[in-house]
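Asks: model the structure of this input:
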Amino acid sequence: MTLPTVAAFGEADGVLTVGGVGVDRLARRVGSTPFFAYDRRLIGDRVAMLRSLLPESLSLGYAVKANPMPAVVHLLASLVDALDVASAHEMRVALDTGIDAGRISFAGPGKTDAELEQAVASGVTIEIESSGEAQRAVRAGESVGVRPRVAIRVNPDFAVRGSGMRMSGGPQQFGVDAEQVPDLMREAHAAGVDLLGFHVFAGSQNLSADLLTQAQARTADLVLALSGDAPQAVRYVNLGGGFGVPYFPQDQPLDIDTVAASLAEVVDGRLAPALPDASFVVELGRYLVAEAGVYVTRVVDRKVSRGSTYLVVDGGMHHQLAASGNLGQVIRRNYPLAVGLAVSAEPEETVTVVGCLCTPLDLLGDRVELPRADVGDLVVVFQAGAYGLTASPTAFLGHPAPVEILI
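Replies: Down below sits the predicted model:
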């Protein structure tokens, strides 16, 4: 397959454009390399496409952890129905957008007492990850003088095959084991919290529509079973997400039509009739932003070592850990790369693109075929809109932080 890279962004006279602006001009606008650039048109197009396919009864949420740049979060707050955060800092970014606090959920294990108090005081929904966290949320509510809004994050008794990261089934740090949920619901209700419903998130980065639809059906079974033990009407069901994007040439894009049709059956055909008071949300992160971002870095040296040509750039794994293969890849594969000022040119040579860090792990492209690039040329890493800067060891070796821009 051909990855949706250059064609999605566009080019002018052989120069890659982001938001209609050439990357060479963007580099001058930023004032330095490396930098991240995100295309607001591509983000908007992705949301519009999903809106056209998903049932109207299903809300669309954005998982801020995928890309918490404030400008990106502000943009998405105007396009989606809900935001999910995983820290107090992300919660403040979400609240700064002006979105109603009731449309923000706070998930993740290890929430501190201070974070729980902030969440209660802000009025966001706390997605409970353990019985201990539920007890601390109750105490936070008593301290603040506000009734906590909570949902229980459920660790189902099934796992989703094909996920890049498995986050359910067996023992997990995420969520409350499904068999423990009925007792926790009764305890939470007795303690006086506002118990809204459930969050079930089984895994991430899944490109198989068949596996996702199977997971959606099993999630519906689980939610319906748990709802029978709920001490009050269920008003909130977060069905998770896990929609994957292609990173490598052998990856096939997710069949989103099949997934959307399955969600319509799950929500409209099963959940909504049984839970008439509930709102339903699908929560997506990388699927909304990954393909809308690029990482642009400049060649600072070109060398040949025992027959191998190296392009040494001023960026690296301290900004793009995932592209280096050090964020979960079992077998390292190259993210799509291009020479930013020659995206229409045919490959001329096989080169290895390495970063500026003093470690052999700092590898952005291993034996990739590219047009010739010399010192001063720009190398572009695609699929860089999610889990880039904030998922990387930015302090390693003390190099400057890159700029992020939304075009």
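
Asks: what's the spacing between residue 151 and residue 40?
Replies: 31 Å (C-beta to C-beta, to the nearest Å). Bear in mind the C-beta positions are built from the backbone N, C-alpha and C, glycine included.

Asks: same thing with residue 388?
Replies: For residue 388 relative to residue 40 (C-beta to C-beta), the value is 16 Å.

Asks: these two: who's more crowded?
Replies: Using other C-beta atoms under 10 Å as the criterion, residue 388 and residue 40 rank with residue 388 on top: 28 against 17.

Asks: doesn't residue 67 make contact with the more buried one?
Replies: Yes. Contact criterion C-beta atoms under 8 Å: residue 388 and residue 67 qualify, at 7.3 Å.

Asks: overlap in contacts, the two.
Replies: residue 293 (C-beta atoms under 8 Å, 6 or more residues apart in numbering).

Asks: could I get the full set of strands for the stretch 1-150 of the chain?
Replies: Ranges of strands in the stretch 1-150 of the chain, per DSSP state E, counting those that start in this stretch, are 11-12, 15-18, 21-22, 35-38, 58-63, 82-85, 104-106, 125-128, 149-155.

Asks: show me the shaky parts of the stretch 201-350 of the chain.
Replies: For the stretch 201-350 of the chain, applying pLDDT under 70 flags the ranges 330.

Asks: now do stretch 230-239: distance from first to last residue.
Replies: The straight-line separation of the ends of stretch 230-239 (C-alpha to C-alpha, to the nearest Å) is 17 Å.

Asks: quick one: that stretch to chain centroid distance?
Replies: Here the centre of stretch 230-239 is set off from its chain's centre by 25 Å, with C-alpha atoms, centre = their mean, to the nearest Å.

Asks: in that stretch, what's buried?
Replies: Neighbour counts over stretch 230-239 (16 or more other C-beta atoms under 10 Å) mark 230, 234, 235, 236, 237, 238, 239 as buried.

Asks: next: stretch 131-143.
Replies: Buried, per 16+ other C-beta under 10 Å, within stretch 131-143: 133, 134, 136, 137, 138, 140, 141.

Asks: just stretch 22-41 next, same as before
Replies: 22-24, 26-27, 30, 33-40.

Asks: including distance to residue 177 and pLDDT, could those residues go into a markdown table?
Replies: A markdown table is the format used below for the buried residues of stretch 22-41 (distance: C-beta to C-beta, whole Å; pLDDT from 0 to 100):
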| residue | distance to residue 177 | pLDDT |
| --- | --- | --- |
| 22 | 53 | 98 |
| 23 | 48 | 98 |
| 24 | 54 | 97 |
| 26 | 48 | 98 |
| 27 | 50 | 98 |
| 30 | 47 | 97 |
| 33 | 48 | 98 |
| 34 | 43 | 98 |
| 35 | 44 | 98 |
| 36 | 38 | 98 |
| 37 | 43 | 98 |
| 38 | 38 | 98 |
| 39 | 41 | 98 |
| 40 | 41 | 97 |
